[in-house]
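1. Give me a model of this one.
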Amino acid sequence: MDINLSDQAIQSALKCDWKSAIKINKLILADDPNDIEALNRLARAYYESGDRSNAKKVSTKVLSIDKGNNIAKKALQKYKGNKKALAGSLGQHINASDYIEETGTTKQVVLLNRCSEETLSTLDSGDEVILLTHSHRVTVSTLNHKYIGKIPDDLSARLRKLTKSGYKYKVIIKSTNDNCIKVIIKEIERGKGFENVQSFPRELSESLSEFSS
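-> As a prediction, the model looks like this:
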């Protein structure tokens, strides 16, 4: 794979220059027809250009090479819908309510230490992603477990305690404008015995003492 061409393809996607993205990814595939990353980029470029038929063909080819490729699986589900706001693997639909911030149960977060431009170029507004808790931090990753970004430290400390206590969350990409990745974290289940403890009170330090360390 020509690294320079790959970088150009990524930049074209970030600029939403889909015509250029199609051309460049085709050049990469002329050299290596089975380049999975180029194929996934090409499928998205076709889709964003309104060519759903070719997008479907390319994503289907990806799955013929890599049956477990979640990006292609998600893309094929998206092509079946009428709006670009379809996301998540295996046909999960994003509801309008996922974008509504509710005091105490949802929070918009700007991620730190964002991912590579290559990963960034594969993200769409509305994509469902996942939280991963570590000993000293909480990160957000794609369904393929590719790193996207880090949750700020003050919120990470709270989320580590909450998830340890049984809380569960849904995380949605809100936007990726100007290399700034914003996600919405939505509480979907509270830990047993903590039904009155909100995930996101106005002061994050509130109620932390109720959780065991």
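2. make it CA atoms for all contacts and neighbour counts henceforth
-> Will do.
3. Tell me which residues touch D7, please.
-> For D7, the contact set (CA atoms under 8 Å, 6 or more residues apart in numbering) comprises E118.
4. and if you look at I173?
-> L123, D124, S125, G126, D127, E128, V129, I181, K182, V183, I184.
5. repeat for T103
-> F200, P201, R202 are the contacts of T103 under CA under 8 Å, 6+ apart.
6. how about 10 Å then?
-> Residues counted as contacts of T103 (CA atoms under 10 Å, 6 or more residues apart in numbering) are Q198, S199, F200, P201, R202.
7. With respect to K161, which of the contacts of I173 is nearest?
-> Nearest to K161 among the contacts of I173, counting by CA to CA, is I184 at 18.9 Å.
8. do you know how far the closest one is from R52?
-> For I184, the distance to R52 (CA to CA, to the nearest Å) stands at 28 Å.
9. L155 now?
-> L155 is 40 Å from R52, where distance means CA to CA.
10. go on, R41?
-> Note on R41: its distance to R52, by CA to CA, is 14 Å.
11. Now list whatever residues contact both of these two.
-> Listed as contacting both R41 and R52 by CA under 10 Å, 6+ apart are V58.
12. Looking only at neighbour counts, state which of those two leads.
-> Shown here are R41 and R52; by other CA atoms under 10 Å, R41 has more neighbours (28 against 19).
13. That one: what secondary structure?
-> Classification of R41 using DSSP: H, G, I helix; E, B strand; the rest coil returns helix.
14. Kindly report the same for N196.
-> N196 is classified as coil under three-state DSSP.
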